[in-house]
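> one predicted model, sequence on top.
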Amino acid sequence: MHKRYWDELPKPIIGLAPMEGYSDSPFRQTCKLVNPSLVTYTEFTSADGIQFGGSKLRAKLQFAVSEQPIIAQIFGKKVETFVNAAKFCEDMGFTGIDINMGCPAKKVVKSEHGVALRRNLSLAFQLIETLANATSLPISVKTRLGWNNADDLVDFGIGAESAGANMICIHARTYKEPYNVPAQFEPVYEMRQRVSIPVLANGGITGIEDGLSKLGNLDGFLIGQASFGNPWVFGSPPSTFGGKIPVIRNHAAWMVETKGPKHGILEMRKHLLHYVKGFPGAKEFRSSICHVSSLEEIDSVLNQIAESLSTSLQAA
Ligand SMILES: Cc1cc2nc3c(=O)[nH]c(=O)nc-3n(C[C@H](O)[C@H](O)[C@H](O)COP(=O)(O)O)c2cc1C
């Protein structure tokens, strides 16, 4: 893949945000089933872990060929391990590499990774520059508005572009702001005026229409939490729960294929709880969902839910 990948992608670019514990291969494939033109990222993966860690960490980067184009998101702060991680990702067939400069998790910030790089701009730009020169893949950066305000966002964008970044995505909240604070897109529009590479925004977007209404001068947007239990946020939802079952069923099958029958089903329970959230009577199925242990049991619970919902609709 070449450096102009982001420039040449049809606009607006719409993507599934990278999310630890969610944007794994089965969920990415599920979202792409609904919208094949979606851009997706892996969950963030430690550059040190790729170099020194075992197969478990590397397994986090596995993807199905049908997922391409796909972006590997890595985090860290050591230039050499980043270069080795980038080469590893290039050999795996990734489309691009994204550097995480937005993660606020205590452990990550304490190790001076993630959003902490926004307080160490010389290292942040050195990482971008080294990676941009070390690989033929396009390099992007995902970060936040800033530490506790957006005052240095424009400077960050200009610095990242001149270091060789090919795209920047801004989670439009500061490090200090919790996820329930409304995202502010104005500073991102301002930054876009000052750089020539594509800029995406992210934060609190509830669907395609909402994203388009906030697009302004930007090149696209990512959707994160609104996709939980709702991959149809990237397309159009079926009118009944029964109509959703084939997609959910595929999600579960990919889980088992990727993570094995035990772990796959255990992890799928979390997604199933999201899939049924908000339906009348969903509560009574929560306990069955929490105990499913095979694809057959998942089928059975899903069919029971669909049946109960259609019966309650008929009765209404
Ligand atoms: C559970 C969870 C895990 C996340 N993991 C990552 C991650 O691995 N890498 C990353 O850049 N951002 C991560 N984020 C941030 C999201 O990519 C996104 O920027 C944020 O959720 C705001 O978008 P939303 O309001 O549409 O969810 C995560 C967010 C959540 C909720």
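Thanks, I have it. The model shown is predicted, which means the values in this text are computed figures rather than measured ones.
> isn't Phe234 up against Thr30?
No. Look at Phe234 against Thr30 with C-beta atoms under 8 Å: they stay out of range, at 10.0 Å. Just so you know, the C-beta spots here come from the backbone N, C-alpha and C atoms, and that holds for glycine as well.
> which other residues reach stretch 265-274?
21, 27, 228-230, 248, 251-252, 255-256, 259, 286, 289-290, 292-295, 298, 301 (C-beta atoms under 8 Å, 6 or more residues apart in numbering).
> any of those buried? List them.
27, 228-230, 248, 251-252, 255-256, 259, 289, 292, 295, 298, 301 (16 or more other C-beta atoms under 10 Å).
> what pLDDT does the model give Ser312?
We note a pLDDT of 65 for Ser312 in this prediction.
> same question, Ser162
Note on Ser162: pLDDT of 98.
> domains of this protein?
Here the domain parsing of the chain from automatic domain parsing is 5-234, 241-315.
> in helices only, show me the contacts of stretch 265-274.
Those of these mapping onto helices are 27, 248, 251-252, 255-256, 259, 286, 289-290, 295, 298, 301, per DSSP state H.
> residue numbers of the stretch 1-150 of the chain in contact with the ligand?
Proximity of the stretch 1-150 of the chain to the ligand is confined to 17-22, 43-44, 73, 100, 102-103, 142 under the rule C-beta under 6 Å from any ligand atom.
> ChimeraX command for the buried members of these?
Buried subset of these, written as a ChimeraX selection, criterion 16+ other C-beta under 10 Å:
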select :17,18,19,22,43,44,73,100,102,103,142
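> need the residues of the stretch 1-150 of the chain next to the ligand in CSV with secondary structure, pLDDT and distance to Pro187, can you?
Formatted as CSV, these follow (DSSP: H, G, I helix; E, B strand; the rest coil; pLDDT from 0 to 100; distance: C-beta to C-beta, whole Å):
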residue, secondary structure, pLDDT, distance to Pro187
Ala17, coil, 98, 19
Pro18, coil, 98, 21
Met19, coil, 97, 23
Glu20, coil, 95, 25
Gly21, coil, 95, 28
Tyr22, coil, 97, 26
Glu43, coil, 96, 27
Phe44, coil, 93, 23
Gln73, strand, 96, 22
Asn100, strand, 94, 20
Gly102, coil, 90, 14
Cys103, coil, 85, 20
Lys142, strand, 97, 15
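> helices of the stretch 1-150 of the chain, start to end?
5-8, 25-34, 47-52, 55-59, 79-92, 106-110, 121-134 (DSSP state H, counting those that start in this stretch).
> point out the most buried one among those.
Among the helices of the stretch 1-150 of the chain, ranked by average contacts under mean count of other C-beta atoms under 10 Å, first place goes to helix 25-34 (a mean of 22).
> tally of neighbours for the residue of the chain found nearest the ligand?
Nearest residue of the chain to the ligand, counting by C-beta to the nearest ligand atom: Gly224, 2.5 Å away. For Gly224, the tally of surrounding residues (other C-beta atoms under 10 Å) stands at 19.
> wait, isn't it in contact with Met19?
Yes. Using C-beta under 8 Å, Gly224 is in contact with Met19, at 5.6 Å.
> thinking again about what came up before, right, and the helices of the stretch 1-150 of the chain - which one's nearest Phe185?
helix 5-8 (19.2 Å; C-beta to C-beta).
> gap between the closest one and the chain center?
19 Å (C-alpha atoms, centre = their mean, to the nearest Å).
> what is the rounded mean pLDDT of it?
97.
> how about stretch 225-240?
96.
> tell me which of the domains of the chain sits most buried.
Taking mean count of other C-beta under 10 Å, domain 5-234 is the most buried of the domains of the chain, at a mean of 19.
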